[in-house]
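**Q** Quick one, structure for this:
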Amino acid sequence: MSPVNISVESLNLVTLAPMLIPIVGALLILIIDMFKGGLDKSLYVMLSLLILFIDFNALLNSAGVFNQNGTMSGVFDVMLIDGLAILSQFIIVGASMLFIPLALTHKRFHEFSYPEFFALFLFMIAGFQFMVATDNLILVFVGLETASLALYTLIAMHNREKSFEAAIKYFTMGALAAGFFSFGAMVFYALTGSIEINQIAAVLSANGYADIGFVLIGVAFMLASFGFKLSMVPFHTWTPDVYEGSSAALAGYMSIVPKIAGFVVSMRFFEFLIHSGVVWLEVVLYILVVVTMTAANIWALVQTDVKRMLAYSSVSHAGFVMAAILIGTTQSNSALFLYWILFSFTNLGAFSMLWISRQKNLPTHQSSDHSFEKFSGMIKTSPMAASVMALFMLSLAGVPPFALFWGKMYMISSAVTGGYPVLALIMALNSAIAGYYYLKLIVFMFMKEPQTRSLGGAVYVTNATGALKTIIGFATIGTIFAFLAVNPILEFVTSFVYNSGY
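**A** Numbering: from 1, shown residues only. The predicted structure is shown next:
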């Protein structure tokens, strides 16, 4: 048997470059620490930013090649670079570039002093990039577990009692989700003889979905798996506890980046099933979307801790965005990316504001670090911080002209034009409900008397370093002036989505 000659050109390694860059960067950080330990964390912050900047440039290069040649595959057709992959990687790397400078906060946030933190962070980014840049279920699984295992450790490194609890809960739920994903992939491989989503769609369509019972079993496993990762009700139970146990900045990051990776894989997998006329799946997805939006909003209404309120809020937003996959049109898929780009600025900014007031040791009377009472009268003690936090709350509520208003409007519009007017009404009603608990925080900040420092109040600006102020400034500018960029972003997003055939 003669050996097979494989040329380097046929591998199309440009499809692999954006993932290799953070992996090489993570290994470089570990090697530097091995030979010269005890270096200042600012070196690792700058090195991580440089690596992410190089990664972003590699994505720009991939986007240029995609615009010229269309969808690309490489590395034995395992890697897939299309519009969805490029857009989601822009969000992943862009949000990561906003997050990593937060490591330059006060020295007492000790997890940032470990080089391993930055190496794990880069491995996690590479995992998410592998997830979105393939339609091969095995590589999706490898990327998912690479990112998840790194994220579990990053949560535990916060080194508080609730952090260990959060990491264990997330690990347990993640292991369950991985099991569901494996079973679902096994079912579809047994039905079609393929682990590539496009090939699975082609085979199922060719045989007219003859084995519909087994298809539904596989879909049920996949829905459960992505339900956990996207914190869809009833698979959301880990979310508030994990967000509460994580550092505020990492919780904000978790509400953005892992979910966009999950949305892209869900879009690739579920949309061909919806378009095939599997009514059962459409009904189940419809119920999941509505229940997730509504139930999460109701739970957020009764929270006494701002971080837990924002955790339930992010669950509701995930349900809102999952509606785009149910609708399954180019407009709705474009709305998904527009919404998540605008949401990234606002939500990371809101969680970063919580990071400012984080206390290492809680007073004995204080059960949580971010209770609503702690924000009482903040307009008098820290007027600028109160104004910025109010801005983020108004944007999350969808108040015009702030960022998320445009995302909500375009998403609701896509539901109407896609033939889901009732869903559009439910989305609008949920936006109105959400306004209550966002305004509740504004009431505490602007209409209550401030607490004394001994009662856990008046602690803002404690950790407001230059890096943190810069990130919050970026988020603030993006939130206020989003209306100036909505049309260019939408045109950019739509061109990539349309050229990918979604």
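
**Q** could you point out the longest helix in this protein?
**A** In the chain, with assignment by DSSP state H, the single longest helix is helix 161-192.

**Q** what's next to the helix or strand just after it, contact-wise?
**A** As assigned by DSSP states H and E, the chain's next helix or strand after helix 161-192 is helix 197-206. By CB atoms under 8 Å, 6 or more residues apart in numbering, the surrounding residues in contact with helix 197-206 are 135-137, 188, 191-194, 215, 268-269, 272, 276. (Each C-beta comes from the backbone N, C-alpha and C, glycine too.)

**Q** same deal with stretch 169-184?
**A** In this structure, residues lying in contact with stretch 169-184 by CB under 8 Å, 6+ apart are 137, 140-141, 144-145, 148, 151-152, 155, 218-222, 224-226, 228-229, 235, 237-238, 241-242, 245.

**Q** Which residue, neighbours along the chain excluded, lies closest to residue 423?
**A** Spatial nearest neighbour of residue 423, excluding adjacent residues (CB to CB, 6 or more residues apart in numbering): residue 415 at 4.9 Å.

**Q** With residue 170 instead?
**A** residue 242 (4.8 Å).

**Q** ok, the residue nearest to residue 423 - contacts?
**A** Contacts of residue 415 (CB under 8 Å, 6+ apart): 323, 327, 332, 421, 423, 424, 427.

**Q** Mind doing that once more with 7 Å?
**A** Applying CB atoms under 7 Å, 6 or more residues apart in numbering, we find residue 415 in contact with 323, 327, 423, 424, 427.

**Q** For the helix or strand that contains the residue nearest to residue 170, name the packing helices and strands.
**A** Per DSSP H and E: residue 242 is located in helix 239-245. If you count contacts as 3 or more CB pairs under 7 Å, 6 or more residues apart in numbering; DSSP states H and E, helix 239-245 packs onto helix 161-192, helix 306-327.

**Q** List the buried residues for that helix?
**A** Buried residues in helix 239-245, counting neighbours by 16 or more other CB atoms under 10 Å, are found at 239, 240, 241, 242, 243, 244, 245.

**Q** Residues contacting that helix, please?
**A** 155, 162-163, 165-166, 169-170, 231, 251, 254, 305, 307-308, 311-312, 315.

**Q** most neighbours, which of those?
**A** Neighbour counts for those, by other CB atoms under 10 Å, peak at residue 231, which reaches 30 neighbours.

**Q** That residue against residue 315, yeah?
**A** Yes. Counting by CB atoms under 7 Å, residue 231 does reach residue 315; the two are 4.9 Å apart.

**Q** Please report phi then psi for residue 55.
**A** phi -60, psi -40 (degrees, to the nearest 10).

**Q** can you give me the strands in the stretch 251-400 of the chain?
**A** Counting by DSSP state E, counting those that start in this stretch, the stretch 251-400 of the chain has no strands at all.

**Q** Let me know how buried residue 314 is, in neighbour terms.
**A** Counted with other CB under 10 Å, the neighbours of residue 314 add up to 28.

**Q** Now do the contacts for it.
**A** Contacts of residue 314 (CB under 7 Å, 6+ apart): 255, 347.

**Q** what about the stretch 151-300 of the chain, any weak spots by pLDDT?
**A** Along the stretch 151-300 of the chain, the model assigns pLDDT under 70 to residues 159-161.

**Q** One more pass at 80, please.
**A** By pLDDT under 80, the low-scoring segments of the stretch 151-300 of the chain are 158-163, 208-210, 247-248, 275-279.

**Q** What backbone torsions are found at residue 39?
**A** phi -70, psi 160.

**Q** Quick check: the gap between it and residue 47.
**A** From residue 39 over to residue 47 the distance is 10 Å, taken as CB to CB, to the nearest Å.

**Q** When those two are compared, which one has more neighbours?
**A** residue 47 (19 against 12).

**Q** Read off the pLDDT value for that one.
**A** pLDDT recorded at residue 47 is 91.

**Q** Can you list phi and psi of it for me?
**A** phi -70, psi -40.

**Q** if I look at it, how far off is residue 30?
**A** Distance, residue 47 to residue 30, by CB to CB: 12 Å.

**Q** who touches both of these two?
**A** Common neighbours of residue 47 and residue 30, using CB under 7 Å, 6+ apart, do not exist here.

**Q** The stretch 251-400 of the chain: helices as residue ranges?
**A** Under the criterion DSSP state H, counting those that start in this stretch, helices of the stretch 251-400 of the chain are mapped to 257-275, 279-301, 306-327, 330-356, 378-381, 383-397.

**Q** Just the CA atoms of stretch 153-167, as CSV, please.
**A** Only the C-alpha atoms of stretch 153-167 are listed here, as CSV (Å, rounded to 0.1, in the frame of the first residue of the first chain):
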residue,chain,number,x,y,z
THR,A,153,-10.1,26.5,37.4
LEU,A,154,-10.3,30.3,36.7
ILE,A,155,-13.5,30.4,38.9
ALA,A,156,-11.8,28.4,41.8
MET,A,157,-8.7,30.7,41.7
HIS,A,158,-10.8,33.5,43.1
ASN,A,159,-10.2,31.6,46.4
ARG,A,160,-13.3,32.4,48.4
GLU,A,161,-15.6,29.8,49.9
LYS,A,162,-18.3,30.6,47.4
SER,A,163,-15.8,30.4,44.6
PHE,A,164,-14.9,26.8,45.3
GLU,A,165,-18.6,26.0,45.6
ALA,A,166,-19.2,27.7,42.3
ALA,A,167,-16.4,25.8,40.5
